[in-house]
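**Student:** structure here, sequence nowhere to be found:
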């Protein structure tokens, strides 16, 4: 016989006794950093030393520090062609923007309505990703 309090279907194997809570900005930022670093490593084949995310109202800013460049990129920089490396990385960041945006949307629970990216090839090497969120 069906339990009227439980409703149809099997019982929850791991019922939560606490109320669900909205993650705070630090938890959101940590989640964004973890995902962005994983996407960076998977898409470039190289990672970065660290990422820092800042959630500021309707804006998320992510700094990716200590970029690990590919051997061909290091060669081009050594030949004075850092501009080419910067250009290709910028174009790649624009192309992978939807993947980065999906990570931010997952962490914040809000839709990304704008994305901008900047890469600095000269030391210190870093990237800056800016996400504009739909107003809450």
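**Tutor:** Perfect, thanks for sending it. This is a predicted model, so every value here is computed, not measured. Residues are numbered from 1 along each chain as shown.

**Student:** show me what contacts the closest residue to residue 112 other than its chain neighbours?
**Tutor:** Nearest non-adjacent residue to residue 112, counting by C-beta to C-beta, 6 or more residues apart in numbering: residue 101, 3.9 Å away. (Glycine included, C-beta is placed from N, CA and C.) Contact analysis of residue 101 by C-beta atoms under 8 Å, 6 or more residues apart in numbering lists 112, 115, 131.

**Student:** could you measure from residue 101 over to residue 125?
**Tutor:** 23 Å (C-beta to C-beta, to the nearest Å).

**Student:** what of residue 24?
**Tutor:** In terms of C-beta to C-beta, residue 24 sits 30 Å off from residue 125.

**Student:** neighbour count winner among the two?
**Tutor:** Neighbour tally, residue 24 and residue 125, criterion other C-beta atoms under 10 Å: the higher count belongs to residue 125, 17 against 10.

**Student:** quick one: mean pLDDT over the helix or strand containing residue 65.
**Tutor:** Using DSSP states H and E, residue 65 maps to strand 59-67. Mean per-residue pLDDT for strand 59-67: 96.

**Student:** cool, thanks, talk later.
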